[in-house]
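Engineer: sequence first, then the predicted structure, then my questions.
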Amino acid sequence: MTQTKHSSFIPMLIIGVLFFIFGFVTWLNGSLIPFLKRICDLSDAQALFVTFAFYIAYTTMAYPMSFILTKTGYKKGMAIGLGIMALGALLFIPAALSANYILFLIALFTLGSGLTILQTASNPYIVLIGPTESAAMRISIMGLINKSAGILAPLVFTALIFSDLSLFSKEVLTSSEITLLADKLIMPYLVMAIILTGLIFLVLFSSLPEITFEEDEQETRTNILAYPQLVLGAIALFFYVGVEVVAGDTIGLFGQHLGVSNYTALTSYTMTFMVLGYLIGVVAIPKYLSQEQALTFSAIGGFFTVTALLLSSPEHSYIATLLWGWSGIPLIPDPVALVAILGLSHALVWPAIWPLALQGLGKFTAQGSALLIMAIAGGALLPLIFGQVSTMLESMQSAYFIMLPCYLFILYYALRGHKTTRWS
């Protein structure tokens with residue numbers, strides 16, 4: 001990125017507002033899943049198509065969106081993304097009026113498509129606006145804002161929309177109950193569409209500088225797949241987003257299975273631990289902790305937390321039975337709490353991978369960013385796999401074992417993968 005005379009404060013402030021929107025929209029899914037499961041009469045596996053519809057948009061739309069950014073510039077591209085998101089929010093109105101699950105999924109896909117271009121543009125901004133070695137710290141600040149919104153969104157929606165969900169009949173809702181519950185979504189998403197439209201003007205008329213890149217005359221590589229640190233980083237992000245979404249979006253279903261009250265608000269607990277992790281990143285990186293070390297500790301912490309989860313009570317765990325001959329070790333904490341604690345291990349993975357993966361890409365940064373955004377597909381696919389495994393084992397707790405190999409690959413990238421700058 002070429003040097004500019006602009007202060008980094010204004011860009012950081014604007015991107016911070018956008019990251020708050022990312023978090024609020026994204027982490028509503030954890031509350032929507034058990035809610036739509038009830039009003040649309042879905043199985044656990046069917047309900048998890050909420051995450052699939054939202055996150056698969058990143059895979060299908062990221063690369064096309066990168067070319068939009070190349071043509072329009074990052075600033076106008078962000079405005080386009082906000083417009084698409086506003087359209088997605090408005091689509092919730094006909095979906096709610098009809099209580100049609102397919103329409104809900106289309107609305108979620110549209111929201112995800114708008115977020116795709118915003119994410120493709122905003123993450124390189126944060127990486128390139130200052131020194132590379134402190135990029136993870138800046139992204140941690142954005143993550144702190146993002147996950148604070150993630151704490152707020154389930155609490156606000158639980159209070160305004162889902163607070164009386166337990167008052168309705170336990171087994172099957174009547175048509176009038178379905179209509180009453182679904183209609184509660186209309187006003188919040190209408191307000192969201194208005195706010196997103198207002199942000200379009202904030203971005204367009206702001207002093208947000210454009211990102212420009214200097215040509216490297218010695219660089220002979222002609223496409224992004226020739227950069228191993230980027231490709232391996234995208235795979236690591238695929239696994240990371242998958243485990244992050246599993247932890248954030250299944251905790252409500254898990255709590256529902258275990259009879260936890262206010263289960264639609266449980267995502268806030270996972271987000272709270274992520275906020276704590278981001279605070280550590282803001283304070284510690286790069287002064288006390290390098291980006292590589294942060295990634296290493298995160299992968300190890302996630303692996304051992306899931307291991308403890310698989311061995312814990314009260315739900316019967318096939319893993320615990322296999323290893324110990326009985327269901328769980330009483331000294332290990334409650335399994336729902338352990339799912340929430342995973343947020344601590346997840347917080348610094350995204351901030352650490354981005355600067356490591358984008359380093360040295362130059363003019364390929366937009367396409368490289370798009371590849372990393374496409375890796376968000378992990379948030380679409382891993383929860384579906386989780387749902388199928390949970391159904392197959394008849395144990396949601398045991399299904400969390402699918403996260404273990406994900407942490408191992410992230411650990412590989414932290415120790416070796418990010419250092420690989422040539423395939424041979």
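Structural biologist: Perfect, thanks for sending it. Residues are numbered from 1 along each chain as shown.
Engineer: spatially nearest residue to Y227, not counting backbone neighbours?
Structural biologist: Spatially, and ignoring its direct neighbours in sequence, Y227 is nearest to L361 (6.3 Å; CB to CB, 6 or more residues apart in numbering). Where C-beta positions appear, they are placed from N, C-alpha and C, glycine not excepted.
Engineer: also L152?
Structural biologist: F24 (6.8 Å).
Engineer: how many other residues sit next to the one you found?
Structural biologist: 21 (other CB atoms under 10 Å).
Engineer: again with V191
Structural biologist: Neighbours of V191 (other CB under 10 Å): 11.
Engineer: same question for S424.
Structural biologist: S424 - counted by other CB under 10 Å - has 3 other residues nearby.
Engineer: for it, report the pLDDT, please.
Structural biologist: At S424, the model reports a pLDDT of 73.
Engineer: next: L358.
Structural biologist: 84.
Engineer: circling back to that earlier point, contacting residues for the residue nearest to Y227?
Structural biologist: Shown in contact with L361 (CB atoms under 8 Å, 6 or more residues apart in numbering): I224, Y227, L230, G368.
Engineer: give me the pLDDT for the third one.
Structural biologist: Note for L230: predicted pLDDT of 92.
Engineer: if we can go back for a sec, so what touches the helix or strand encompassing the residue nearest to L152?
Structural biologist: Following DSSP states H and E, one finds F24 within helix 9-26. Applying CB under 8 Å, 6+ apart, the set of residues contacting helix 9-26 from outside is 54, 78, 85, 111, 115, 118-119, 122, 125-126, 129, 138, 141-143, 145-150, 152-153, 192, 195-196, 199, 202-203, 206-209, 271.
Engineer: please point out which parts of stretch 367-375 sit buried.
Structural biologist: Q367, G368, S369, A370, L371, L372, I373, M374, A375 (16 or more other CB atoms under 10 Å).
Engineer: which residues are in contact with the fourth one?
Structural biologist: For A370, the contacting residues are A62, Y63, M65, S66, T120, taking CB under 8 Å, 6+ apart as the criterion.
Engineer: which pair in those residues has the greatest spatial separation?
Structural biologist: Y63 and T120 (9.1 Å; CB to CB).
Engineer: buried stuff in stretch 32-47?
Structural biologist: Buried residues in stretch 32-47 (16+ other CB under 10 Å): 32-40, 42, 44-45, 47.
Engineer: okay, and the helix or strand of the protein with the least pLDDT?
Structural biologist: Scoring the helices and strands of the chain by mean pLDDT, DSSP states H and E places helix 318-324 at the bottom, with a mean of 46.
Engineer: what's the following helix or strand after that helix?
Structural biologist: Using DSSP H and E, the first helix or strand after helix 318-324 is helix 335-346.
Engineer: pull the CA atoms of that next one into CSV?
Structural biologist: What follows is helix 335-346, C-alpha atoms only, in CSV (Å, rounded to 0.1, in the frame of the first residue of the first chain):
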residue,chain,number,x,y,z
PRO,A,335,-20.1,-28.9,28.7
VAL,A,336,-22.2,-25.9,27.8
ALA,A,337,-19.6,-23.7,29.6
LEU,A,338,-16.8,-25.4,27.7
VAL,A,339,-18.5,-24.6,24.4
ALA,A,340,-18.6,-20.9,25.5
ILE,A,341,-15.0,-21.0,26.7
LEU,A,342,-14.0,-22.0,23.1
GLY,A,343,-14.5,-18.4,22.2
LEU,A,344,-11.3,-17.5,24.1
SER,A,345,-9.3,-19.9,21.9
HIS,A,346,-10.9,-18.6,18.7
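Engineer: show me the contact partners of it.
Structural biologist: Contacts of helix 335-346 (CB under 8 Å, 6+ apart): 147, 240, 243-244, 247-248, 250-251, 254-255, 258, 260, 266, 269-277, 298-299, 301-302, 305-306, 308-309, 312-315, 332-333, 397, 400.
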